[in-house]
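Visitor: Sequence and predicted structure, then a few things I'm wondering about:
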Amino acid sequence: MLSNKAGALAFGLAGQQSVRYSSGRLKELGIRIKSVKNIQKITKTMNMISSAKYAKAAKQLSGVRGFAAAGAGAVNSLTAQEGYTAPAGNHLIVVSSSDRGLCGALHTNICKAAIETAHEKGAGNYAYVACGEKAFLALRAMKEVDNIVIKCTEVGRNDPTFAECAALAQTILEHDYEWAAGTVLYNHHKSAMTQEIQPVGIASLNGLETSPGIEVYDSVDASVMQNFVEYSLAATLYGCIKENYCSEQAARMISMDGATKNAGEMIDKMTLMFNRLRQAVITTELCEIIAGMSAL
């Protein structure tokens, strides 16, 4: 008789512990659902903001591409000649990035392309200009921080202006690092879903003066050459950074749209688990109440 009572007591305690454990899980699931819903609101808001910025930037692409083409016109003409050999000297690689993330692997991919370009064209004599905090962090993670000569922030964080790019071009030309030829890497905008990394050639004053085929240009004195190099670099940077800004907004829009959908799926799954667990708790409590009334 005593053993049966002990077994009934043990069974009752186990049921109470099960209910308490399930109640704790219910509270935990409720907190997680609320947290994911808050994240979904943030990602949806960022998607809407990026969509508005992308629509505005996409309208300016036709004029922006003209800047990049005009700035790199002379360099592209010289490098396209048969038998062209790059001028001797260091190779400068400008990585067009920004200070903001949440746009997929956009920044990481362009930094990987910069390292490949450095090993291909620099042959050990190269340096980076990191336009944006994300480019600096990615290059540092890839063990290339010692080769960064200029770190530029706040360029590309908002809609870039020609004044910002001109200031960056002036900083590059006045820096102590001596370079002859260089490459600007940026994300070319093909569509809202597709961005391609493309290079654009640049040259310093010394590199342009020593480039093979420069003699075809008549009446070019030192002053004209200096002014052309400054404007060419500023126009090229403006065109590349501006188009990279548009590509970044498109990538962030798609990324935040995917994050919003994933959050919705998580909410649906956790809500289903929450309802099932709540029903199990209610059923267990009802069984205990009925068992207690039957015992009385």
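Guide: Received the coordinates, thanks. Numbering: from 1, shown residues only.
Visitor: Which parts of this protein are helices?
Guide: Under the criterion DSSP state H, the chain contains helices at 2-59, 61-71, 73-79, 106-117, 133-141, 162-174, 205-209, 222-295.
Visitor: now the angle from the fourth one to helix 222-295?
Guide: It stands for helix 106-117. Orientation check (axes from the mean of the first three to the mean of the last three C-alpha atoms, to 10 degrees): helix 106-117 against helix 222-295 gives 140 degrees.
Visitor: May I have helix 106-117 exported as CSV, CA atoms only?
Guide: The C-alpha coordinates for helix 106-117 follow below in CSV (Å, rounded to 0.1, in the frame of the first residue of the first chain):
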residue,chain,number,x,y,z
LEU,A,106,29.9,42.9,-52.1
HIS,A,107,32.8,44.3,-50.1
THR,A,108,34.6,41.0,-49.6
ASN,A,109,34.4,40.1,-53.3
ILE,A,110,35.9,43.4,-54.5
CYS,A,111,38.8,43.0,-51.9
LYS,A,112,39.5,39.5,-53.2
ALA,A,113,39.6,40.9,-56.8
ALA,A,114,42.0,43.7,-55.6
ILE,A,115,44.4,41.1,-54.2
GLU,A,116,44.3,39.1,-57.5
THR,A,117,45.0,42.3,-59.4
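Visitor: Would you mind listing the buried residues in it?
Guide: 106-108, 110-111, 113-115, 117 (16 or more other C-beta atoms under 10 Å). (Glycine included, C-beta is placed from N, CA and C.)
Visitor: thinking again about what came up before, quick check: which of the helices of the chain is nearest to Ala181?
Guide: Smallest distance to Ala181 across those (C-beta to C-beta): 5.1 Å, for helix 205-209.
Visitor: Quick one: residues in contact with that closest one.
Guide: 74-75, 87, 89, 173, 178-181, 214, 225-226, 228-229 (C-beta atoms under 8 Å, 6 or more residues apart in numbering).
Visitor: so how far is stretch 152-172 off the chain centroid?
Guide: The chain centroid and the centroid of stretch 152-172 are separated by 18 Å under C-alpha atoms, centre = their mean, to the nearest Å.
Visitor: Just the endpoints, please. Distance across that stretch?
Guide: Start-to-end span of stretch 152-172 (C-alpha to C-alpha, to the nearest Å) is 10 Å.
Visitor: now swap in stretch 64-78 and tell me
Guide: Length of stretch 64-78, first residue to last, C-alpha to C-alpha: 23 Å.
Visitor: Contacts for it, please.
Guide: The contact list for stretch 64-78, computed with C-beta under 8 Å, 6+ apart, reads 84, 200-203, 208, 211-214, 217, 228, 231-240, 242-243, 246.
Visitor: Buried ones only from those residues, please, as a ChimeraX command.
Guide: In ChimeraX, a selection of the buried entries from these looks like this (16+ other C-beta under 10 Å):
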select :200,201,202,203,208,211,214,228,232,233,234,235,236,237,238,239,240,242,243,246
